[in-house]
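Chemist: Need a 3D model of the following:
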Amino acid sequence: MSLGTKVRRYREAKSWSQEDLALRLDVTQGTISNIESDKSIPNSLLLNSIAKALEVDMNDLLSDANNIMTNSDFSDNAVAAVNQYNPTFNMQSPELMESILKNQEQIAKLIESQNKLIEGLLKK
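Modeler: Numbering: from 1, shown residues only. Predicted coordinates:
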């Protein structure tokens, strides 16, 4: 089952519309529609927010035997890629997980800086 299908099923289990979920996440209804139809893949921060809003573990959204490739699926020099229309994650790669975590930290710092700048502008 795809990530988008899981998001849709969890959302529908809460009897929420796409607009309801979008409002909770501060995104557009079109963003939710694109995720649910597997036209786009949410970044790690949005995926985490989706999981929290739907009250599910983020790993539950990502885990699926059809969507996870193990190291044995790749040659030594191959790089796991995320295809926009058919998400494939190599969650066995410690390097990938470390990179994702570092990116999340950097994004959080950028958001914090942006919020401080906005606060400063609003005070003027």
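
Chemist: Give me the contact list for stretch 106-124.
Modeler: 43-45 (CB atoms under 8 Å, 6 or more residues apart in numbering). C-beta coordinates here come from the backbone N, C-alpha and C atoms, glycine included.

Chemist: Residue ranges in the protein under the pLDDT threshold?
Modeler: 64-93 (pLDDT under 70).

Chemist: all helices of it, in order?
Modeler: Secondary structure of the chain (DSSP state H): helices at 3-13, 18-25, 29-36, 44-54, 58-62, 94-123.

Chemist: any chance of these in CSV, plus mean neighbour count?
Modeler: Below are the helices of the chain laid out as CSV (neighbours: other CB atoms under 10 Å):
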stretch, mean neighbour count
helix 3-13, 18
helix 18-25, 17
helix 29-36, 18
helix 44-54, 17
helix 58-62, 14
helix 94-123, 10
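
Chemist: picking up where we left off before, which one of the contacts of stretch 106-124 sits closest to residue 96?
Modeler: Using CB to CB, residue 44 comes nearest to residue 96 of the contacts of stretch 106-124, at 11.3 Å.
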